[in-house]
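Chemist: What follows is a protein structure lacking sequence information:
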C-alpha cells in the first residue's frame, strides 16, 4: 500500500480552522464569498456547506475567514 504524504500549505490556518469545524463561518476567496457551516478541514482545502450544497475551497485561495459571523454577506 502506497503512503501519501501531505504538506500543509499554511499550518496555522489549518490548525485554527480545525478548531471551528461544525460552526458557522464566512469565507472570502479570490473569486467569491461563502457563508455556511464549516464541515471539514483538510491539508489543502476546506468544505463549507451553504444552502444544502458543499463548497470545496482550496486553502491557498482563502483571503480571510470569520468564525461565527454575525453579519449578512452579499
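Modeler: Received the coordinates, thanks. Note that the coordinates shown come from a computational prediction; the quantities given were computed from them, not determined experimentally.

Chemist: can you list the weak-confidence ranges in this structure?
Modeler: Within the chain, the segments meeting pLDDT under 70 span 1, 4-9, 70-74.

Chemist: Tell me which residues of stretch 53-70 come out buried.
Modeler: By 16 or more other C-beta atoms under 10 Å, the buried positions in stretch 53-70 come out as 55, 57, 59, 62, 65. Every C-beta, even on glycine, is put in place using the N, C-alpha and C of the backbone.

Chemist: Need the phi and psi values for the one residue sitting closest to the centre of the chain.
Modeler: By C-alpha atoms, centre = their mean, the chain has its centre lying nearest to residue 46, at 3.6 Å. With angles defined as degrees, to the nearest 10, residue 46 sits at phi -120, psi 160.

Chemist: Residue 57 is in contact with that one, correct?
Modeler: Yes: Residue 46 lies in contact with residue 57 (C-beta atoms under 8 Å); the separation is 5.2 Å.

Chemist: and for these two, which residues touch both?
Modeler: Common neighbours of residue 46 and residue 57, counting by C-beta atoms under 8 Å, 6 or more residues apart in numbering, are residue 27.

Chemist: Output the buried residues of stretch 53-70 in TSV, with secondary structure and distance to residue 18 appended to each entry.
Modeler: Shown next, in TSV, are these (DSSP: H, G, I helix; E, B strand; the rest coil; distance: C-beta to C-beta, whole Å):
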residue	secondary structure	distance to residue 18
55	strand	18
57	strand	15
59	helix	12
62	strand	14
65	strand	12
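
Chemist: and the helix or strand encompassing residue 37, which strands flank it?
Modeler: Using DSSP states H and E, residue 37 sits within strand 33-41. If you go by DSSP bridges, strand 33-41 pairs up with strand 24-29 (antiparallel), strand 45-50 (antiparallel).

Chemist: in the first one, what counts as buried?
Modeler: Of the residues in strand 24-29, 25-29 count as buried by neighbour count, 16+ other C-beta under 10 Å.
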